[in-house]
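J.: The following block contains a protein sequence and its predicted model.
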Amino acid sequence: MSDDRLNSLVTYGLLAAWVLHDAEELATGPRWLRENVPVLRRRFPQAPERVWRAMDAVDEREFAAAVGVMAAIVGSAAVAGHRSGGRSGFYQGALDGFGLHGLVHLAQAAAVRGYTPGSVTSPLIVVPFTLWARGRLRRAGVLRPARARDAALGLALAAGATAVSHLIARRVTA
């Protein structure tokens, strides 16, 4: 396989894996929350009330808007990765964040002892793709060490996507 083809699989593969994963979340997320938050609230009474209010407030438009904003971020990261031959810190941070996101889904499913949105594609796509891509980057000699500041940037981008999605959804309904 040519280096160019491999670079495309590693970099644009992030976007493809993300699309498959988020398709599961889009298809199941809002409905799952509506059906399961009351049960979870009783099961985990120690969780802060603000968590339950935030989960109750999720609607399909806001959820879809957040996915759209994240699509732009992940797509930009994939392009940056491709253009840099996988060296981009933005791309590698997004890749690491994607893998950690998959682990969070697995932890959520373990905590509720059942299905949570994203828990099917996480062990089948998210985590394996992340490990594979990081291995390819390591073998190519371009993998940067994962850093806490990159994880913080990823969290800030995800929070920003959520905030933007709320604004978009509220403007659409106003």
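T.: Nice, I can see it. Note that the structure is predicted; figures quoted are calculated from it, not measured.
J.: Past the lengthiest helix in the chain, which element shows up next along the chain?
T.: Across the chain, the longest stretch assigned as helix under DSSP state H is helix 3-43. Where DSSP states H and E defines the elements, the next helix or strand beyond helix 3-43 is helix 49-56.
J.: Please report how far L20 lies from L33.
T.: 21 Å (CB to CB, to the nearest Å). Glycine gets a C-beta too; all of them are placed from N, C-alpha and C.
J.: The two: who's more crowded?
T.: Per other CB atoms under 10 Å, whichever of L20 and L33 has more neighbours is L33, with 18 against 14.
J.: in this structure, what spans have low per-residue confidence?
T.: Scanning the chain with the threshold set as pLDDT under 70 gives 1-2, 162, 165-166, 169-174.
J.: For the longest helix of the chain, which helices and strands make contact with it?
T.: With contacts taken as 3 or more CB pairs under 8 Å, 6 or more residues apart in numbering; DSSP states H and E, helix 3-43 sits against helix 49-56, helix 60-83, helix 89-112, helix 121, helix 127-139.
J.: Show the contacting residues for the closest residue to L131 other than its chain neighbours.
T.: Distances taken as CB to CB, 6 or more residues apart in numbering place G99 nearest to L131, at 7.1 Å, with adjacent residues excluded. Neighbouring residues of G99 by CB atoms under 8 Å, 6 or more residues apart in numbering: 126-127, 130-131, 134.
J.: Deepest in the core, which of the helices and strands packed on helix 3-43 is it.
T.: helix 121 (a mean of 21; mean count of other CB atoms under 10 Å).
J.: got the contact list for it?
T.: With contact meaning CB under 8 Å, 6+ apart, helix 121 is reached by 20-21, 24, 102.
J.: one more time with 7 Å
T.: Residues outside helix 121 that contact it (CB atoms under 7 Å, 6 or more residues apart in numbering) are 20-21, 24.
J.: Okay, the closest residue to R41 other than its chain neighbours and E60: tell me how far apart.
T.: Spatial nearest neighbour of R41, chain neighbours left out: W52 (5.3 Å); criterion: CB to CB, 6+ apart. To E60, W52 is 19 Å away according to CB to CB.
J.: Likewise for V104?
T.: 22 Å.
J.: burial of R42, as a residue count?
T.: For R42, using other CB under 10 Å, the count is 8.
J.: List the contacts of it.
T.: Contacts of R42 (CB under 7 Å, 6+ apart): none.
J.: Please shift the residue numbers so they start at 829 in all later answers.
T.: Fine by me, first position is 829 from now on; the one you just mentioned is R870.
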